[in-house]
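Q: Predicted model, plus sequence, below.
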Amino acid sequence: MTDVKITAASFQKAQSDQSKNQEKISAPSLTFFQDAVRRLRKNKVAVVSFFILVLIAVVAFCAPILAPRDPNAQNANYANLPPRIANTDIPGFRGKSKNAAGVETNPYITNNVPHDQTYILGTDYLGRDLFSRILYGTRLSLIIAVVATVVDLLIGLPYGIISGWKGGRVDTFMQRIIEIISSVPNLIVVILLLLVLKPGLSSIILAIAFSSWVTMARLIRAQTLQLKEQEYILASITLGESTWKIAWKHLIPNLSSTIIIQTMFSIPTAIFFEAFLSFIGIGIPAPNASLGTLLSDGQKAFRFLPYQMWYPAAVLCILMIAFNLFADGLRDAFDPKSD
C-alpha cells in the first residue's frame, strides 16, 4: 500500500466569500403580515373579491358625482319606467315592458318622455331614478355596516381582553352577561332599541352593534386565555410590565389576525341585518334609500316590474358573496397551518 503524501499543492485557497454564501439564506425574510399577504395573493378568488368590493365602495361613495339625478326627486309622470339606454338594442334596456295582458308597450312614448332623457335602471312607483337610489342606498348600507362593525370592535375587543386576562370571578361574571344577551334574539333586542330611540341612521348603527359585539368578545377572550400562558407574557409580568402595556404591546398584535377576520365576517352580517330591518319596515325611514328599502319597494311590484327588485337584490348578493369570499381568503392567509 503506497503512502500518499500531502503537500502544500494539495490544498486550494478558499475564496473570501464562500463562507458567506454557505450561510446565506436564499429565501427572503418575511414578517407574519408579509407572509399573510403572500398567501392572500395566491388566493385568486379572494383577490378578485377584494377588487370587486373596492370598486363597489368607490362607486357608492362617489354617488354624489356619479348619480345622474337626485335620488329623492319625485316625478309622478315618469313612474315605473323600465330601464333604457339611449341608442342601444340590448334586451332589457330598450325601454319596453309588458302590461298585465302580456302586450309589450313603450312607457317612454306613452308618458311623453323626451327621447334624450333615459333612466339606465328605470324608475320606481314615485318616478325616482332607480340607478341613483341604488348608488345612495349602497353607500348608506356600507356606512351602517362599517360603523356598526367599528362600534362592535370597540366594545368586544376590550371586553374580551379584560374577561380573559382577569379570569376567575371577573371572567365568570362577564361571561354570564354575555350569555344573558345571547339568550335574547337579536331581532327582539333591535326592535326594542328602535322603539326607544328615534328612528334614523344612528339608531340602526347602535341597534346592530348592541347585539353583534358578543361574538367578537368571545373570540378575543378565548385567544387571550391562551396567550396569557405564553412565555413572553409571563416574562413581561415578571419584569413588572403594566397590564395596559402588555395588552397593547403583546396581546393586541397577536390578536390582530382574529380581529381582522372577525371584522370582515361582521361587515356582511351587518349589511344583511340592516337590509332585513329596512325590508320589514323598521329600518331607514323614508325617503332615504338603503338596499333593504329598495328591496321592500321592489317586491310590491315584482310580478309586473321585476327590475325594481332584481337590481338592488343583485347588488346585495354581490356584496355578501364578495365579503364572505374575501373573509375566507383572509382566514386561510392568517392561518399558519394552511399551505
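A: On my side now, so go ahead.

Q: For stretch 217-227, list the C-alpha coordinates in PDB.
A: The C-alpha trace of stretch 217-227 is given here as PDB (Å, rounded to 0.1, in the frame of the first residue of the first chain):
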ATOM      1  CA  ALA A 217     -65.800  39.300  22.800                       C
ATOM      2  CA  ARG A 218     -66.000  35.600  23.000                       C
ATOM      3  CA  LEU A 219     -63.300  35.000  20.300                       C
ATOM      4  CA  ILE A 220     -61.000  37.600  21.900                       C
ATOM      5  CA  ARG A 221     -61.500  36.100  25.300                       C
ATOM      6  CA  ALA A 222     -60.600  32.600  24.100                       C
ATOM      7  CA  GLN A 223     -57.400  33.800  22.400                       C
ATOM      8  CA  THR A 224     -56.500  35.900  25.500                       C
ATOM      9  CA  LEU A 225     -56.800  32.800  27.700                       C
ATOM     10  CA  GLN A 226     -54.200  31.000  25.500                       C
ATOM     11  CA  LEU A 227     -51.900  34.000  25.100                       C
END
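
Q: So for it, mean pLDDT?
A: In this model, stretch 217-227 has a mean pLDDT of 88.

Q: How about stretch 319-339?
A: On average, stretch 319-339 scores 79.

Q: Tell me which residues of that stretch come out buried.
A: Buried residues in stretch 319-339, counting neighbours by 16 or more other Cβ atoms under 10 Å, are found at 319-320, 322-334. Using the backbone N, CA and C atoms, a C-beta is placed for each residue, glycine as well.

Q: all helices of the stretch 51-200 of the chain, in order?
A: 63-66, 107-110, 130-166, 168-183, 186-196 (DSSP state H, counting those that start in this stretch).

Q: which intervals of this structure have sub-threshold pLDDT?
A: 1-6, 8-30, 32, 92, 94-95, 97-104, 335-339 (pLDDT under 70).

Q: Tell me the spacing between the most centrally placed residue in it and residue 83.
A: By Cα atoms, centre = their mean, the chain has its centre lying nearest to residue 267, at 3.7 Å. Distance, residue 267 to residue 83, by Cβ to Cβ, to the nearest Å: 29 Å.

Q: And residue 296, by the same measure?
A: 20 Å.

Q: which of those two has more neighbours?
A: Shown here are residue 296 and residue 83; by other Cβ atoms under 10 Å, residue 83 has more neighbours (22 against 18).

Q: Is the more buried one in contact with residue 134, as I believe?
A: No. Using Cβ atoms under 8 Å, residue 83 is not in contact with residue 134; the gap is 11.7 Å.

Q: hey, what's in contact with both of the two?
A: By the contact definition Cβ atoms under 8 Å, 6 or more residues apart in numbering, residue 83 and residue 134 are jointly contacted by residue 121.

Q: and of the helices of the stretch 51-200 of the chain, who's closest to residue 301?
A: helix 130-166 (11.8 Å; Cβ to Cβ).

Q: quick one, the closest one and helix 168-183 angle?
A: 150 degrees (axes from the mean of the first three to the mean of the last three Cα atoms, to 10 degrees).

Q: For helix 130-166, buried residues please.
A: 130-149, 151-153, 155-157, 159-166.

Q: Apart from its neighbours in sequence, what residue is nearest residue 146?
A: Excluding the flanking residues, the one nearest residue 146 by Cβ to Cβ, 6 or more residues apart in numbering is residue 267, at 6.5 Å.

Q: Distance check, that neighbour against residue 305.
A: Residue 267 is 31 Å from residue 305, by Cβ to Cβ.

Q: With residue 198 instead?
A: Counting by Cβ to Cβ, the gap from residue 198 to residue 305 is 33 Å.

Q: the more surrounded of those two?
A: The neighbour comparison of residue 198 against residue 305 (other Cβ under 10 Å) goes to residue 305, with 20 against 8.

Q: Residue 86 versus the residue nearest to the centre of the chain, what's the distance?
A: 37 Å.

Q: Same question for residue 148.
A: 40 Å.

Q: any chance you could map the strands in the protein?
A: 97-98, 104-105 (DSSP state E).

Q: List the single closest residue to residue 152 in space, sequence neighbours excluded.
A: Going by Cβ to Cβ, 6+ apart, residue 152 has residue 213 as its nearest residue, at 4.4 Å.
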